[in-house]
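Engineer: mind folding the following:
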Amino acid sequence: MKPDKLSIYDLFQKDRRYVVPLYQRAYVWNESEQWEPLWDDIQRQAEACMASKTGSPRRSHFLGAVVLNVQKIVGSAVARSEIIDGQQRLTTLQIFICALRDFATSNSSAHSSKINRLTLNEDEKEGADSSFKVWPTNADRSMFRLILSAKTPEALLKESGLTAKSELPRMIGAYLYFHSQITEFTSAVDDPESIDHHIFGLFQSMRTGLQLVVIELEENDDPQVIFETLNARGQPLLPSDLIRNTVFQQAAADPEHAANEHYADELYAKHWRHFDNDRIETAIKGETRYWHVEERQGRLNRPRIDLFIFHFLTMKTGKELAIGQIFQEFRDWRDDSDEALEAFLSELKRYASIFRSLISPVGEGRAATFARRLRALDTSTVYPFLLYILGLPADRLDTSDKEEVLSDVESWLIRRMICGLTNKNYNKFFVSLLAKVREAEKSNETGPDTTSLRIKTAVRAELVRSIDVTVRWPVDAELKAVFMETPVYVKSRPDRAVMLLKALDARMYTSKTEQVVLPENLTVEHLLPQNGSMSDYPYAPLPTGKAGDSPDERRKKLLHTLGNLTLLTGPLNSAISNGPFVEKRPQIAANSALRLNARFQDHSISTWSEEDIVKRAEDLFGLAKSIWSSPKS
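Structural biologist: Numbers count the residues shown, from 1 in each chain. Next up, the predicted model:
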């Protein structure tokens, strides 16, 4: 490696392209952690340059290191270096210089042309990829091109279809941040000469005040080893970033495709680009990339792409894996696999679509319904098994048998949740269940049993096999005992009660009933209120229940059971929550379209007590056992 100390000006004034390899992650720097500290450094050095008689600060400031892999020059092409480490830093510096250039141009600065030369290779065709000094990874290129060509913040927002109040993509956010800081830096002066002096100070800080250590790799240096060694610096790399790096480094070095210099790019465009480019309309915690939004996994939050790869590897290896060691597990698995790289990427993309249907279900099919209910259960250890089942082609597991498998697993999970049974061994159980499915699929037995039937039978047999508390499938008698007297509503997880009530409501629809699309924001209402007055809700004259229970004990037992719960919109819930039932029932009848609340159309119902809760619970239990049917021995 050849290290050198260069100013920002020295780095960018050359005719050279600094290219981010496609296998590296997209732009992730943000205001509080990176832009603001960088601007503070720039402003401090600019002020020092302006105050100095020589135009140079007393001490330069070190911005960090950049590692480059210099490429051989081909023909008349501009010199090219791959950025092995430091791409976030170099990209941000280019965005800053672009903002300074645009500000200088709009103020007719004498320095605008000198600043412009730091952003473009002027001998290259305008707008060509090779004209840009820095060329980001594939996922960011269109956004970067837009920023470099827009010329003003207003034009950038217009061309990107955004407003200043929108959730901004990070690159656009960086440009607007630096442009606003530059504007504020010059706001204390109002004459053109003073503004130009401030612009010169910022430009001069890049010439003499801000430096990088630039390390160029030599012929025998391994970019992959160096990349992995340096990844802990700056913004930590995701396991999926390391996996992408490994995969596309292999693609670039594949001897079978040596004649095709674009092979790695073609693989990326076909099989990986969606991981970087798929967007959501409304940002979640500043993130608009679908696969980089964080989801909860146990006690930790992790990006969706990392969760997907973790569950995919669990499915492929059939082993319990540690989520903190995804990259190592992936590398070991790929080292032992003889599957071609393109075949692997094609399979990964196919299962990514299945995983997306599980965490963002669409429609009312059997799998989508199960997926929505599964999110309330917060049981992600079933995902590897579901990926495998949903990924089986129809000639291995036909549609009707697949739906029966999903129904059995859903019943097993929801009955266990209602009964309060532990989920601590679910990771082992579902890995074991996956192994049983693979055995059934590969069986060479002859006879009337098809592969589809063998798989369905194997799943059901494993679900009913044990009576151990950690894995048993609760039967109707156990479910009813719990259903009638055990609270299902707890403040920490109201979503579980909502899920159960929505399922019960859906089962009440018939061919004679209009189909109603339920809003997402329905809330749980206690028909007998938690804080209702005794005059409005007196104890039942002859409360049913276990011998020895006092009326107060009986009420406390029944208050949070399903027989006393329903769903209402938030405004209706707030309006009637603790009021007397004689006023609550007409409001529910007048405003709720749910079948779950159809009984309250009956004008003769004027009171609500423990007896009513028990009677309604019996009716709902009849629905529940038909939705989540009893296990067959």
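Engineer: low-confidence ranges, the stretch 1-150 of the chain, go.
Structural biologist: For the stretch 1-150 of the chain, the stretches with pLDDT under 70 are 1, 23.
Engineer: hey, where'd the helices end up in it?
Structural biologist: Per DSSP state H, counting those that start in this stretch, the stretch 1-150 of the chain has helices spanning 8-12, 36-51, 87-106, 112-116, 141-150. These are given in chain order.
Engineer: output the contacting helices and strands for the fourth one.
Structural biologist: Applying 3 or more C-beta pairs under 8 Å, 6 or more residues apart in numbering; DSSP states H and E, one finds that helix 112-116 contacts helix 87-106, helix 192-204. C-beta coordinates here come from the backbone N, C-alpha and C atoms, glycine included.
Engineer: just name the most buried of the ones you listed.
Structural biologist: With neighbours taken as mean count of other C-beta atoms under 10 Å, the helices and strands packed on helix 112-116 reach their highest mean count in helix 87-106, at a mean of 23.
Engineer: let's see that helix as CSV, backbone CA atoms only.
Structural biologist: In CSV, the C-alpha atoms belonging to helix 87-106 read as follows (Å, rounded to 0.1, in the frame of the first residue of the first chain):
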residue,chain,number,x,y,z
GLN,A,87,-16.9,6.1,-0.1
GLN,A,88,-19.4,7.8,2.4
ARG,A,89,-16.8,10.5,3.1
LEU,A,90,-15.9,11.2,-0.6
THR,A,91,-19.5,11.2,-1.7
THR,A,92,-20.4,13.7,1.0
LEU,A,93,-17.5,16.0,0.1
GLN,A,94,-18.6,16.0,-3.5
ILE,A,95,-22.1,16.9,-2.4
PHE,A,96,-20.7,19.7,-0.3
ILE,A,97,-18.6,21.0,-3.2
CYS,A,98,-21.6,20.8,-5.5
ALA,A,99,-23.6,23.0,-3.0
LEU,A,100,-20.7,25.5,-2.8
ARG,A,101,-20.5,25.6,-6.6
ASP,A,102,-24.2,26.3,-7.0
PHE,A,103,-24.1,28.9,-4.2
ALA,A,104,-21.1,30.6,-5.8
THR,A,105,-22.7,30.5,-9.3
SER,A,106,-25.9,32.1,-8.0
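Engineer: surely Glu431 touches Thr314?
Structural biologist: To be clear, residue 431 is Val; Glu isn't right here. Yes: with contact defined as C-beta atoms under 8 Å, Val431 counts as touching Thr314 (7.0 Å).
Engineer: between those two, tell me which one has more neighbours.
Structural biologist: The neighbour comparison of Val431 against Thr314 (other C-beta atoms under 10 Å) goes to Thr314, with 24 against 19.
Engineer: wait, isn't that one in contact with Tyr388?
Structural biologist: No: using C-beta under 8 Å, Thr314 is not in contact with Tyr388, being 9.8 Å away.
Engineer: against Val459, how distant is Asp408?
Structural biologist: To Val459, Asp408 is 6 Å away according to C-beta to C-beta, to the nearest Å.
Engineer: need the overlap of contacts for the two.
Structural biologist: Here Asp408 and Val459 have no joint contacts, going by C-beta atoms under 8 Å, 6 or more residues apart in numbering.
Engineer: what would the helices of the stretch 1-150 of the chain look like in a markdown table with distance to Tyr18?
Structural biologist: Formatted as a markdown table, these follow (distance: least, C-beta to C-beta, whole Å):
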| stretch | distance to Tyr18 |
| --- | --- |
| helix 8-12 | 8 |
| helix 36-51 | 17 |
| helix 87-106 | 6 |
| helix 112-116 | 17 |
| helix 141-150 | 12 |
